[in-house]
Every structure is written in structure tokens, then in C-alpha cells.
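In: Sequence below, structure please.
(chains A and B, ligands or ions: 2)
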Amino acid sequence: MNYSIECKQLSKNFGTLRAVQGVSMQIPTGSVFGLLGPNGSGKTTTIRLMLGLLQPDAGSVRVFGLDPISQGDQVREQCGALLEHTGLYERLSAEDNLQFYGQLWHMPQRELQARIKELLGKLDLWDRRKEIVGSWSRGMKQKLAVARAMLHQPKLVFLDEPTSGLDPVAAAALNNDLLKLVKDEQATIFLTTHILSEAEKVCNLVGVLRRGELIAFGGPHTLTQSTRNAIVDIFGQGLTDPAILEKLRNMPQVRQVEAVDGHLEIGLEGTAEPSEVVKTLVMNGASVDEVRRRKAGLEESFLKLMEEENA
Amino acid sequence: MLRDIWTISKKDIREVIFSRGNKRGGLISILVVVGLIGVYFPLFSQDTWFTSPIAVLNWAWMPIFMVTSLVTDSIAGERERHTLETLLASRVTDQAILLGKISAAVLYGWGLFMVSLLVGAVTINVANWGGPLQFYPLDFFIACAGLSLLLCVFISTIGVFVSLRAPTARIAYQRLSLSMLALVLLPVVLTQFLPQGSLVPMLAALETINLQKAFLILGIALLALDVLFILAALARFKRTRLILE
Ligand SMILES: Nc1ncnc2c1ncn2[C@@H]1O[C@H](COP(=O)(O)OP(=O)(O)O)[C@@H](O)[C@H]1O
Ligand SMILES: [Mg+2]
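Out: Residues are numbered from 1 along each chain as shown, chains lettered A, B, ... in the order given. Ligands and ions are numbered 1, 2, ... in the order given. Below is the predicted model of the structure:
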């Protein structure tokens, strides 16, 4: 597997505040990675470390196998970025903004013109390219900033909360545009968000950051489907008979069994379904009233951490 | 590297010209400067514009203030408006960004001053239409061009340091302007403390001074300061430090 980004025990402190703590992950080339986490969890700091804008205090990060601090210019050469702020020159027109960055990337003028037309066309901004950016809505600015990040067809694109500050309709529209662009561009995308459904829709790989620590990492299904190490609650009569518990514990699909307040908490292995468990219960004389599947795995932890932060 | 410096300079100058939201506003303020130094003052002083060129130097502070406004806008302003970090995330080197911003300020201030001087020469010749063609004494013109260039570089490097410490472009501009004013007023204030009667012989001594030699010494001193300050600014302008502030 070819990785665009690899970090090991990456850490960054601001005084006593541990903004990023021992983050280790590998982002395969070509993936659309979403880093999820509430405000202040260290998403922006992580991106800054990867672009060589901040120096890590411990651990290491490699982008295309290069060190962003000592080989920063080579790293940034291959990246595009929409950071915390759009970074647009609001006194200049949309076209001037893209012209400036295109020239900084040494794009030949004709190619640059064609690329500006292509991107602004896809984002429905072409007719408004001569307007001063300062007069634009937040959604239009974000779109233009996405275009600027992808202008020179970088191999790796960082998008730091691209939908932040947008109303749900504008955010959904931008996400659709992102999906469209991602399909065409064949770049590795590293985006951050604090909205679970957004990551689920756009990304094929996700990580969850909480107070600077990476608490989860994997495919987006692990976030939304409760199949992985799911927990089922089973209500009914005669469930807690010791012989029945023993039978359940011996099933290969069952990881753990707990009798709580007359009902059962059953931890299932991997992608196992609870139907076999129910069958075993019924065949052994118990009656089952209700089977409730808990939200588990990443989604549970993500929701829990969002609740904590919102409280 | 040179290409990046030029791209950044062009953008910074363009931004200042657009600073009032429209191109016209920015161009008008440029026309005012060129109009004053290039047309109004030459017409006002007529023949002495060429013969006693010290009059020209009286207006040298104008480009200085243009340098001040551009350098603070392009460094402190760019940070205040949150565009600097995106620039720092691009492929351009720290050095190219810094030198691009210094050259933008120098091109803007010094360039306008030189254009104004040339327009001034045209103005006088047009006013005395039919007479012999006149121009500044060549050695004066060269000295003027060289010294104002060195001075603009000097001020923009000071502007870099002031801008990096100031929270906003406005504050940076105020601080830099104040220090420029102090630099100009200092000699005036100092003469107040001189013993009675010593001023007259000093002025007499100034009259006999070899102007060429004085310009040369001033030029070398400024050049040395410029090199020193540019090196210091290059050492200071590092992205990992800029983000933290
Ligand atoms: N330059 C800085 N100086 C001091 N603290 C900072 C700085 N940048 C970020 N922090 C702190 O580090 C933590 C992580 O911030 P950040 O990476 O911006 O989180 P996120 O992008 O997930 O909202 C926050 O507590 C924030 O206040
Ligand atoms: Mg952030």
C-alpha cells in the first residue's frame, strides 16, 4: 500500500495545552480521508503540522515520505489547501485570486485560464468571476477557496472544515460539489469536519479526534453501522437462567454475555447478527419480547464525545 | 524565486490600488501624488526646480509614506485578514514572500517618486515651451534616484519588523509613521538644545560641504543598513514562527 501521509506518535503542545497527542495513522494515496472531531480537538493543528506550518514537539509526520519541516517546500509543492480561513483576497476579483495562485504555482498562462474556466464552471461561479470577492456570500467564498486549493491539480488536498459557517442547504450543495470534484481529480483528500453525516457522505476513510487523541480510525461504515462489536439488549422472560447463559457464552458469534436487571446485554463478534442468539434463547425455553441493537463502535464514541463537548 | 517575488509584488500593489474597493479610488490617489510632485510643485517653483534641486528633496517624504502604507498593509494587513496562512501553505519559500513584499513597497513608493520626477521635468519643459531643453543636473538625478531607492528599502525593512509585532495593519501603519516622523523631527528638535549662536556657523559649514561626498557617505551608510536589515528580516520571517503569533 502506498501512503501519502504517515504519522507516528505525532504531538504538539501549546504551553501546557496538549493540542495533538500521540496521533499515529496512515492515509493511503487516493483516499478521501475525513478527520472528525469537535471544536478544539486539534484538527487544524494536525493539518498545520502536515504542511510544515508548525513544528511537532514529539513524534513524526511524513508527507510523500518527506519531512514537512526540513523538506517543507517540497511537501507544499505537491499540496493544495483550504485552511481555517478562506485565505481569499477580498479586495480582488475571484479571477484575480485564482490568477495569483496559478502564477505562484508556475502554471502556464493558457493552462491556467482553461483550468480557471473549468473549475469556476463546475462550481457555478464562472459568470461572477469579475466580481470583488468581498461582496460574496460565505458559501460562494468557500467554493472559490476550494477551487483555489485544487487549481494546480495537487496530489494532496487539505480542506479544513470546508462547510463551516454555511447553512445546511449551502453545506449540502458544497458537499455535492466536493464529491463531483473528488471524482474528477484523483487526488488524495484530507478534510476535517465536526459533522458526522458529512464525513459519511464524502469520505472513504475516517478518523475521530478527541482532545488531541485519535480515538478511532477506519472506514465510514464503522461509524454508522453498528455491526462492529455491536451490543444488543434482549428483553423477555427466563433469560437469565444460568444454563442458558452458559449456552450463549459458548456460541462463536458471542463475545460476552451479561445479565443486567433481568435483561441480557450481549456483545456480538464482528458482523454477527443477533438472530442466532434469539433462536438459541427460544429453543432453550426463554421467551423474547424485544431485541434492541445499541449504537456502537465509532458512532457511539463519536456521539458521546460530541455530547460531552456540547455540555 | 525571482518569478515568485514578482508575482507577490504585483499582487500586493494591485491590492493597495484596489484598497478602497474600486480601482478608480486607488488610481486617483496615485494621480494626486504624481500631480503634486510632477506638476503642481514644479510649476510653483518654476526655474528653481532644476537649478536649486534641493527643493525637490522637500517632497521626498511623500513616497516614504507610500512605502509605509504598502508594507504594513501587505504584512500586518495580510495577517489581520487571514490570508497570510494560506500563502504560507503554498509552495513559495519564506524568502520569496518576504522579498516580494519588500519589493512591492519599494516599487510602489520609489517607482512613483521617479515617475513624478520625470513628469516634473516634462512639466517644466512644457511650461517653458520654445526655450532650451532642460533637465535635472545629471549627478543630482542619479544621486536622488539611488538615495531614494536605498531609503525606500530601509523603510520597508523597518516596516517588516513593525508589522510583525503589530496586531493590525492600522496599528502597524501608525507606529511606522510615528517612527518616520521622529526620524525627520529629531534633527530639528536637537538644534533647540544647541548653545546659542552655534547654529549660524554650523549652517555656514553645511553650505561649504561637498554635496557629492555627503551623498556618497549617506548612500554607503544606507546600503550597509539595508543589507543588515534585510538579512535580519530574512532570519526573522519563518513560517513556523509566523503561525504561532
Ligand atoms: N497558536 C496557538 N496557540 C495556542 N493555542 C492554540 C493555538 N492553536 C490552537 N490552539 C489550541 O489547541 C487546541 C486545538 O485547536 P485546533 O487544532 O484549532 O482545533 P480544531 O481545529 O479541531 O477546532 C485548542 O484548544 C486551541 O485553543
Ligand atoms: Mg479548526
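
In: Can you tell me what sits against stretch B:159-171?
Out: With contacts defined as CB atoms under 8 Å, 6 or more residues apart in numbering or on different chains, stretch B:159-171 is touched by B:67-68, B:71-73, B:75-77, B:79-80, B:98, B:101-102, B:105, B:172, B:175-176, B:179, B:232-233, B:236-237, B:242, B:245. The C-beta positions use only the backbone N, C-alpha and C, and glycine is treated the same way.

In: Could you check stretch A:250-266 and say which residues are buried?
Out: A:M251, A:Q253, A:V254, A:R255, A:V257, A:H263, A:L264, A:I266 (16 or more other CB atoms under 10 Å in any protein chain shown).

In: And the buried ones among the contacts of stretch B:159-171, selectable in PyMOL?
Out: Filtering those down to the buried ones (16+ other CB under 10 Å) takes a single PyMOL command:
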select buried, chain B and resi 67+68+71+72+73+75+76+77+79+80+98+101+102+105+172+175+176+233+237+242
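
In: least trustworthy position among the buried residues of stretch A:250-266, going by pLDDT?
Out: The lowest pLDDT within the buried residues of stretch A:250-266 belongs to A:R255, with 82.

In: Any idea which helix or strand in chain B has the lowest mean pLDDT?
Out: Ranked by mean pLDDT, DSSP states H and E, the weakest helix or strand in chain B is helix B:54-57, scoring a mean of 68.

In: Angles on the backbone of the nearest residue to B:L98 once chain neighbours are set aside, please.
Out: Nearest residue to B:L98 in three dimensions, chain neighbours excluded: B:F237, at 4.3 Å (CB to CB, 6 or more residues apart in numbering or on different chains). In terms of degrees, to the nearest 10, the main-chain angles of B:F237 are phi -90, psi 80.

In: Then A:R292?
Out: phi -120, psi 120.

In: surely it meets A:A230?
Out: No - contact criterion CB atoms under 8 Å: A:R292 and A:A230 do not qualify, at 10.9 Å.

In: residues in contact with stretch B:58-74?
Out: By CB under 8 Å, 6+ apart, stretch B:58-74 touches B:12-13, B:15-16, B:19, B:33, B:36-37, B:41, B:101-102, B:104-106, B:108-110, B:112-113, B:116, B:148, B:151-152, B:155-156, B:159-160, B:162-163, B:166, B:169, B:172-173, B:176-177, B:180, B:184.

In: now these: which count as buried?
Out: Counted by 16+ other CB under 10 Å, the contacts of stretch B:58-74 give B:12-13, B:15-16, B:19, B:33, B:36-37, B:41, B:101-102, B:104-106, B:108-110, B:112-113, B:116, B:148, B:151-152, B:155-156, B:159-160, B:162-163, B:166, B:169, B:172-173, B:176-177, B:180 as buried.

In: Which of those residues fall within helices?
Out: B:12-13, B:15-16, B:33, B:41, B:101-102, B:104-106, B:108-110, B:112-113, B:116, B:148, B:151-152, B:155-156, B:159-160, B:162-163, B:169, B:172-173, B:176-177, B:180 (DSSP state H).

In: what does chain B have sitting close to chain A?
Out: B:3-4, B:7-8, B:11, B:14-15, B:18-19, B:21, B:81-83, B:85-93, B:239-240, B:243-244 (CB under 8 Å from any CB of the partner chain).

In: Which PyMOL command selects the buried ones in those?
Out: A single PyMOL command selects the buried members of these (16+ other CB under 10 Å):
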select buried, chain B and resi 4+7+8+11+14+15+18+19+81+83+85+86+87+88+89+90+91+92+93+239+240+243
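
In: Tell me the spacing between whichever residue of chain B sits closest to ligand 2 and A:L83.
Out: Residue of chain B nearest ligand 2, by CB to the ion: B:E85 (11.8 Å). Counting by CB to CB, to the nearest Å, the separation of B:E85 from A:L83 is 6 Å.

In: quick one: which helix or strand includes A:F235?
Out: According to DSSP states H and E, A:F235 maps onto strand A:231-237.

In: Need the contact partners of whichever helix or strand comes after that strand.
Out: On the C-terminal side of strand A:231-237, the closest following helix or strand by DSSP H and E is helix A:242-249. The contact list for helix A:242-249, computed with CB under 8 Å, 6+ apart, reads A:G238, A:V254, A:V257, A:A259, A:L264, A:I266, A:V277, A:T280, A:L281, A:N284, A:G285, A:A286.

In: In the beta-sheet assignment, what are the partners of the residue of the stretch 201-311 of chain A found nearest ligand 2?
Out: Ranked by CB to the ion, the top residue of the stretch 201-311 of chain A for proximity to ligand 2 is A:L209, at 10.4 Å. Applying DSSP bridges to A:L209 yields these beta-bridge partners: A:L214.

In: Likewise for A:V157?
Out: With DSSP bridges as the rule, A:V157 is bridged to A:G80, A:I189.

In: gap between it and A:I47?
Out: 11 Å.

In: Could you name every residue contacting both of these two?
Out: The contact lists of A:V157 and A:I47 share A:A81, A:F190, where a contact means CB under 8 Å, 6+ apart.

In: so residue 86 is in which element?
Out: As the question left the chain open, I've gone with chain A. Going by DSSP H and E, A:T86 is not in any helix or strand.

In: oops, I was thinking of chain B
Out: Assigned by DSSP H and E, B:T86 falls in helix B:84-88.

In: Residues touching that helix, excluding its own?
Out: A:53, A:81-87, A:148, B:75, B:78, B:97, B:239, B:242-243.

In: Off-centre distance for that helix?
Out: How far helix B:84-88 lies from its chain's middle: 26 Å, per CA atoms, centre = their mean, to the nearest Å.

In: Beta-bridge partners for A:H263, please?
Out: Applying DSSP bridges, one finds that A:H263 bridges with A:V260.

In: list the contacts for it?
Out: A:D233, A:I234, A:F235, A:G236, A:L239.

In: Please pick the buried ones from those.
Out: Using 16+ other CB under 10 Å, the buried ones in the contacts of A:H263 are A:I234, A:G236, A:L239.

In: low-scoring stretches of chain B, by residue?
Out: For chain B, the stretches with pLDDT under 70 are B:20-25, B:47, B:52-57, B:245.

In: what pLDDT does the residue in the stretch 151-300 of chain A positioned nearest to chain B get?
Out: Using CB to the nearest CB, the closest approach of the stretch 151-300 of chain A to chain B is made by A:F158 at 7.7 Å. A:F158 carries a pLDDT value of 96.

In: ok, now how distant is it from ligand 1?
Out: Remark: distance between A:F158 and ligand 1 (CB to the nearest ligand atom, to the nearest Å) = 12 Å.

In: what do you get for B:V227?
Out: If you go by CB to the nearest ligand atom, the gap between B:V227 and ligand 1 works out to 33 Å.

In: buried ones in the helix or strand that contains B:W49?
Out: Assigned by DSSP H and E, B:W49 falls within helix B:48-51. Across helix B:48-51, burial judged by 16+ other CB under 10 Å covers B:W49, B:F50.

In: what packs against it?
Out: Secondary-structure packing of helix B:48-51 (3 or more CB pairs under 8 Å, 6 or more residues apart in numbering or on different chains; DSSP states H and E): helix B:54-57, helix B:94-127.

In: So which residues on chain B come close to ligand 1?
Out: Along chain B, the residues adjacent to ligand 1 under the rule CB under 6 Å from any ligand atom are B:L244.

In: Rounded mean pLDDT for stretch A:20-40, please.
Out: 93.

In: what's the straight distance from one end of stretch A:99-108 to the other?
Out: 11 Å (CA to CA, to the nearest Å).

In: could you dump the helix holding B:W49 to PDB, C-alpha only?
Out: Coordinates of the C-alpha atoms in helix B:48-51 are reproduced here as PDB (Å, rounded to 0.1, in the frame of the first residue of the first chain):
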ATOM      1  CA  THR B  48      14.400  76.800  -9.500                       C
ATOM      2  CA  TRP B  49      13.100  73.300  -9.900                       C
ATOM      3  CA  PHE B  50      16.200  72.400 -11.800                       C
ATOM      4  CA  THR B  51      18.700  75.000 -10.600                       C
END
